[in-house]
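Engineer: turn this into a model:
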Amino acid sequence: MSNPKILYFDLEVYSEVNLKQSGVYRYAPESEILLAAYALDDGPVHVVETANDELTKALLDPNVTLVAHNAQFDRVVLRHAWQMETEIERWRCTMAQALAHSLPGALGVLCQVYGLDADEAKDADGQKLIQLFCKPQPANRKLRRANKETHPDEWAQFVHYARQDVQAMRVLHGKLPKWNYKDAELALWHLDQRINDRGVAVDLDLVQAAIDAVKKEKARLSKETQDKTGGDVNSASQRDALLAHILKEYGVSLPDLRTSTLERRLEDPDLPEPVKELLRIRLEASMSSNAKYPKFQHCTNEDGRLRGTLQYCGASRTGRFAGRLVQLQNLPRGSVKGTELEHGIAALKLGCADLMFDNVSALTSSAVRGCLIAPEGKKLVVSDLSNIEGRVAAWLAGEDWKVQAFREFDAGTGPDLYKMAYAKSFGVSVDTVGPDERSVGKVQELALGYQGAVGAFKSFAAIYRIDLNDMADKVLPTLPDELLEQAQRYWNYCKEEGSNTFGLERDTFVACDGVKRAWRKAHPNITRLWKELEESAVLAIQHPNEKFKAGKLVFNAVRGWLRIKMPSGRLLCYPQPRVDDEGKVSYAGLNQYTRKWGRISTYGGKIFENLCQAVARDVLTNGLAMAEFGGYAIVSSVHDELICEVPDNDRFTHEELSAIMATPPDWAKGLPLAAAGYETTRYRKE
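Structural biologist: Numbering: from 1, shown residues only. Next comes the predicted model:
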């Protein structure tokens, strides 16, 4: 074929490195390409074991666009196994394209979603063939590696599988929407690939020291558990044995040994001290964050850099980045901070942390972030957007008093926003708001902004350790009569109808509901927007191809999609939307609990949450692109934070990076932004 425009490309690869455990950047240097399946434009699909002239020419031709599913894998393997460097800008990824439109990333599931015919779809038996040919066989088998000589029939199926993958990918490339995978968004994906290629430096000495310390500490805790239980329980990790011992010896029945349960029971003054000691041991022994240290070892390359930790549009509905491998998105805050943490890291490396710290597990949990470092001659410049979702919510809804409150707070002339939220809700002077009231204001902001009610308030109150009964005693006398009466009537209604009262006593429930009503009264535009969003969604679904506005947002339904155009121009996408007989909206999506594709119901507050997170993402990625352009080499992004690796000189500062991130995009006039950061050689939580 002369002058092809597109090469559809897929590799089947053998490596003894565990891909799922270590990631493609550790996997690829030890890889061997078994099969390369490809097609030029709409031509036939070929499967080869080595690169022929046609394939080589297409791969190296700068005018040919390269399309793959999970293109990062094929691009990185190609670089190592065949020593072929290809420009990132030439690549397109059907997985990224799907994720950008709220579709599942897995090729097989995508084929099911689009109902592809058998000759177009991914071969469902392919995983068995992958296990056979692409991985070493189990150690107890005489044959450690299968190939086309040992399994000729299966190899023929393997070739067919590879051909089907390219066929399916090509069909999907033509069917998938491109609204959110072109222009600036395509450039963002290319930048995401460069960031993943760049990686971040890891202190592998700290990683090994922490692994050794955790192992030693677990042995000590197991011995202590045995001593305190008279040998009934060998280690604190034995959940059932520990629960049974506590019940038998102390008559204390615990529903589970979750962290939240243990922390709550440790505050119980009536709990016997020996039980508390066992619960403390269990807490210390079960810190899940310490499991990240072996992951650092598995995933870090020989040059000391960790790569492949970001997934473009990993949170597919909103387009936020998701974490992969070590999961930098859920690093613990840690209880050991500042100079104490610095000394602790030094002690870990010297192997004497147990001599200086009573709780070594807490130290290692706090030190996880510190594994990310700047190499010699460099520094990390870190900056984080401040309360970006709250700011976006106020701006989208036109809650002008709150937008102004953010501006005044940023200028140093206004009060803390959690205090302001409480004062506005209860009609009191912000000067009278103390720490307890501020805590209530914080939970209001976090729990109620997306149409949350009593259940959400209770959940967030537990996280921030607010005693709801105590809060009720303080809040009920301050509630306006009108709101108090409404909350009391709602309690009566719930009891009569058998609705969920979340296990709360009457006054506590009434107080929580009253707090909710006070917040909504103080935020009339946000409350109104919830309803407008749901109404616009219903109208758009019922009247395809027509446009309906809700504030700064535009709804329309086209060809089986509900789309919401955001101020940035990007579309929030809901596949296969429906309105039922009761006027409720649902769409097709990946259930976050079952991980299966099915119907998901939504409502105004949930749509608002999606929008706020999506717009916040667009603000962050705008700053990300500007920072990269300004020479701040981004090595990772954690939630609303950028981590950059730059030369250790005065040219690059956290003040400049923060100013870049807090510069509103052209489409976000009037959005109050603020960011703050620091410079360091070792990553930490400020």
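
Engineer: can you check the pLDDT for K685?
Structural biologist: K685 carries a pLDDT value of 89.

Engineer: which secondary structure element contains it?
Structural biologist: Assessed by DSSP states H and E, K685 sits outside every helix and strand.

Engineer: helix, strand or coil for the closest residue to it other than its chain neighbours?
Structural biologist: In this structure, K685 finds its nearest non-sequential neighbour in R333, 5.3 Å apart by CB to CB, 6 or more residues apart in numbering. Quick note: C-beta positions are derived from backbone N, CA and C, even for glycine. Applying DSSP: H, G, I helix; E, B strand; the rest coil to R333 yields a three-state assignment of coil.

Engineer: tally of neighbours for R333?
Structural biologist: Neighbour count of R333, defined by other CB atoms under 10 Å: 10.

Engineer: what's the following helix or strand after the lowest-mean-pLDDT helix or strand in the chain?
Structural biologist: Least confident helix or strand, the chain: helix 259-266 with a mean of 78, by mean pLDDT, DSSP states H and E. Downstream of helix 259-266, the first helix or strand assigned by DSSP H and E is helix 273-285.

Engineer: so what touches the helix or strand that comes right after that following helix?
Structural biologist: Counting by DSSP H and E, the element after helix 273-285 in chain order, helix or strand, is helix 292-299. Outside helix 292-299, the residues that touch it by CB atoms under 8 Å, 6 or more residues apart in numbering are 18, 21-23, 25-26, 202, 204, 207-208, 210-211, 214, 306-308, 325-327, 331, 364, 368, 371.

Engineer: buried subset of those?
Structural biologist: The neighbour-count test (16 or more other CB atoms under 10 Å) marks 22-23, 25-26, 202, 207, 210-211, 214, 306-308, 325-326, 331, 364, 368, 371 as buried among those.

Engineer: among these, which ones are in strands?
Structural biologist: Using DSSP state E, V202, L306 are the members of these that sit in strands.

Engineer: looking at the buried ones among the contacts of helix 292-299, which are in helices?
Structural biologist: Among these, the members found in helices (DSSP state H) are S22, Y25, R26, V207, A210, I211, V214, T364.

Engineer: pLDDT and distance to Y293 for these - can I get that in TSV?
Structural biologist: Below are these laid out as TSV (pLDDT from 0 to 100; distance: CB to CB, whole Å):
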residue	pLDDT	distance to Y293
S22	95	14
Y25	97	18
R26	96	16
V207	97	5
A210	95	5
I211	94	5
V214	90	7
T364	93	7
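
Engineer: between the residues you listed, which is closest to K57?
Structural biologist: Closest approach between those and K57, by CB to CB: Y25, at 27.4 Å.

Engineer: just confirm the closest one contacts V76, I think it does.
Structural biologist: Yes - if you go by CB atoms under 8 Å, Y25 and V76 touch, sitting 6.2 Å apart.

Engineer: domain parsing for this protein?
Structural biologist: 6-176, 184-199+311-331+374-396+549-686, 201-306+333-367, 400-522 (automatic domain parsing).

Engineer: which of those has the lowest mean pLDDT?
Structural biologist: domain 201-306+333-367 (a mean of 87).

Engineer: end-to-end on that one?
Structural biologist: 15 Å (CA to CA, to the nearest Å).

Engineer: I'd like the distance from it to the chain centre, please.
Structural biologist: 25 Å (CA atoms, centre = their mean, to the nearest Å).

Engineer: going forward, begin numbering at 50 instead of 1
Structural biologist: Will do, 50 is the new start, and the previous item becomes domain 250-355+382-416.

Engineer: and the helices in the stretch 50-199 of the chain, which stretches?
Structural biologist: 68-71, 73-76, 102-109, 120-130, 143-148, 156-162, 175-182 (DSSP state H, counting those that start in this stretch).

Engineer: distance to Y513 added to those helices, as TSV?
Structural biologist: Putting these into TSV (distance: least, CB to CB, whole Å) gives the following:
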stretch	distance to Y513
helix 68-71	36
helix 73-76	38
helix 102-109	54
helix 120-130	39
helix 143-148	33
helix 156-162	38
helix 175-182	44
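
Engineer: out of those helices, which is closest to V452?
Structural biologist: The closest approach between V452 and any of these, judged by CB to CB, belongs to helix 143-148 at 31.8 Å.

Engineer: what packs against that closest one?
Structural biologist: helix 156-162, helix 201-224, strand 359-364 (3 or more CB pairs under 8 Å, 6 or more residues apart in numbering; DSSP states H and E).

Engineer: now the shortest one - C-alpha only, CSV.
Structural biologist: These are the backbone C-alpha positions of strand 359-364, laid out as CSV (Å, rounded to 0.1, in the frame of the first residue of the first chain):
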residue,chain,number,x,y,z
LEU,A,359,-0.3,8.3,36.0
GLN,A,360,-3.4,7.2,33.9
TYR,A,361,-4.9,9.9,31.6
CYS,A,362,-8.6,10.1,32.3
GLY,A,363,-8.3,7.3,34.8
ALA,A,364,-11.4,8.7,36.5
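
Engineer: where exactly do the helices run in the stretch 400-549 of the chain?
Structural biologist: In the stretch 400-549 of the chain, the helices defined using DSSP H, counting those that start in this stretch lie at 402-405, 409-416, 437-446, 449-459, 466-475, 484-497, 503-512, 517-524, 530-546.

Engineer: relative to D202, which of these is closest?
Structural biologist: Of these, nearest to D202 by CB to CB is helix 409-416, at 50.9 Å.

Engineer: tell me the buried residues in that closest one?
Structural biologist: V409, S410, A411, L412, T413, S414, S415, A416.

Engineer: surely N640 meets G647?
Structural biologist: Yes - using CB under 8 Å, N640 is in contact with G647, at 5.6 Å.

Engineer: show me what contacts the nearest residue to D246 once chain neighbours are set aside?
Structural biologist: Excluding the flanking residues, the one nearest D246 by CB to CB, 6+ apart is R356, at 6.6 Å. Residues in contact with R356 (CB under 8 Å, 6+ apart) are G72, Y74, N245, D246, R247, G248, C348, N350.

Engineer: residues contacting the fourth one?
Structural biologist: Contacts here follow CB under 8 Å, 6+ apart; on that basis D246 touches V125, I137, R356.

Engineer: dihedrals phi and psi, I649?
Structural biologist: phi -130, psi 130 (degrees, to the nearest 10).

Engineer: and it, how many neighbours does it have?
Structural biologist: 16.

Engineer: partners of it in the sheet?
Structural biologist: Legend: beta-bridge partners of I649 under DSSP bridges are Y636.

Engineer: contacts only, for it.
Structural biologist: Contacts of I649 (CB under 8 Å, 6+ apart): S635, Y636, A637, G638, N640.

Engineer: right, I'll call it a day here.
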